[in-house]
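Student: curious how this folds, go ahead:
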Amino acid sequence: MIKEEALLFNAADRDQDGKLSAEEFLAFDRPEQYAYMQPLVIQRTKEARDKNGDGFIDFHEYIIDIVPNYKKMTNQEEREVFVTEKERFEQFFDQDHDGKLNDTEIFRWLIPDDRATAAVEAEHIFEKSDANKDGQLSFDEIADAQDVFVGSEITDYGNTLSVNTEGHDEL
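Tutor: Numbering: from 1, shown residues only. Below is the predicted model of the structure:
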C-alpha cells in the first residue's frame, strides 16, 4: 500500500519538490480527474486485475470481483448481476468488441461518462414508469412507480424527491 501511495505522490508532485501543493494534493487524492494521472490509474488497475498478463482486462478479469463465484452461481440475484454486468461490459465498455478492455476502455469503465449513465438510467425509469406508453409521465404514473424512482441512483435513491422547505442541501 505504501508503495502505491508513493507512486501516486510522486506522479502528483509535478514540480518534484517533495511536497504537494493544494492542486497537487487534489491530483493525489482524485487521480482519475487529472489527465496526467490517468495513465497511473490505468496501470494500477491492470496490475490488480490483469491476471493473465496480456495488458488487457477480459470479461473474466472484470467480473471476478463483482461476482466472485460467477462460475458456480447458485442464486437468482447473482445470475442477474452477472447478466447485467456482461451486458455493460459488452455494450458500454468493450467499444471495439474484441472481448477485452484496452487502456481507453479501462478508463471508460473506471470513470464513466455521467451523462451516458444518466441517460441510460432516465430511459430505464421512463420505461418502467410510463404505464400507458405515451412517451410522457403523468403525476399518477410517477406516484404509482414510486419504487422505481426511490430505487434509482439518478434520484439519489429517492432523496431528491422529498420536499426541502429549508433550501437546497448543496448551498
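
Student: make it CA atoms for all contacts and neighbour counts henceforth
Tutor: OK.

Student: name the helix or strand for the spatially most central residue of the chain, please.
Tutor: The residue lying closest to the centre of the chain (C-alpha atoms, centre = their mean) is residue 112, at 5.4 Å. Assigned by DSSP states H and E, residue 112 belongs to no helix or strand.

Student: what residues of the longest helix seen in the chain count as buried?
Tutor: Across the chain, the longest stretch assigned as helix under DSSP state H is helix 114-129. Using 16 or more other C-alpha atoms under 10 Å as the test for burial, helix 114-129 gives 121-122, 125-126, 129.

Student: can you check stretch 47-60 too?
Tutor: Quick answer for stretch 47-60 (16+ other C-alpha under 10 Å): 49-50, 55-60.

Student: restricted to strands, list these.
Tutor: Residues of these located in strands (DSSP state E): 57-58.

Student: now the buried residues of stretch 47-60 in TSV, with pLDDT?
Tutor: Below are those laid out as TSV (pLDDT from 0 to 100):
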residue	pLDDT
49	93
50	95
55	96
56	97
57	96
58	96
59	94
60	92
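
Student: tell me the one among the buried residues of stretch 47-60 nearest to residue 98.
Tutor: Using C-alpha to C-alpha, residue 58 comes nearest to residue 98 of the buried residues of stretch 47-60, at 9.1 Å.
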